[in-house]
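S.K.: Starting from these lines, generate the structure:
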Amino acid sequence: MLLIQAVRLELELKEEKVASLARELDELTFGGKTEEEVAHLKKTKHELDKKLKEQVSVCNTWFMT
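M.R.: Sure thing, here's the model as predicted:
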């Protein structure tokens with residue numbers, strides 16, 4: 001049960017990070033930042049989204065067993 005709670009907490013933190021990056025990306029896009037900064041944020045957001053989906057998949061597998 002403790003492992004499930006730890007995984008849930010980690011998922012919440014990653015969701016918050018993705019949301020934070022999305023907000024930052026919006027700010028940069030409309031704030032006149034460089035294309036390199038925007039590209040870096042998009043890449044980071046994509047990577048975190050991918051990790052989040054993988055972890056959700058693992059959690060769903062655990063809950064189904």
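S.K.: same for the strand or helix carrying Lys43, what does it pack against?
M.R.: In this assignment (DSSP states H and E), Lys43 forms part of helix 35-64. The elements that helix 35-64 packs onto, with contact taken as 3 or more C-beta pairs under 8 Å, 6 or more residues apart in numbering; DSSP states H and E, are helix 2-31. Quick note: C-beta positions are derived from backbone N, CA and C, even for glycine.
S.K.: in the chain, what spans have low per-residue confidence?
M.R.: Counting by pLDDT under 70, the chain shows low-confidence ranges at 1, 31-33, 65.
S.K.: now with 90?
M.R.: The model of the chain has pLDDT under 90 over residues 1-8, 10-11, 22-42, 53-65.
S.K.: ok so, going back, list the buried residues in the helix holding Lys43.
M.R.: Residues of helix 35-64 classed as buried by neighbour count (16 or more other C-beta atoms under 10 Å): 41, 45, 48, 52.
S.K.: Not counting its neighbours along the chain, what's nearest the first one?
M.R.: Residue nearest to Leu41 in three dimensions, not counting chain neighbours: Leu25, with 4.6 Å by C-beta to C-beta, 6 or more residues apart in numbering.
S.K.: same thing with the second one?
M.R.: Distance criterion C-beta to C-beta, 6+ apart; nearest residue to Lys45, sequence neighbours excluded, is Leu21 at 4.4 Å.
S.K.: just to revisit the earlier point, and the buried residues of helix 35-64 as TSV, adding distance to Thr29?
M.R.: Compiled in TSV, those are given as follows (distance: C-beta to C-beta, whole Å):
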residue	distance to Thr29
Leu41	9
Lys45	12
Leu48	18
Leu52	22
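S.K.: follow-up on the earlier one: neighbours around the residue nearest to Leu41, how many?
M.R.: Residues contacting Leu25 under the criterion other C-beta atoms under 10 Å number 18.
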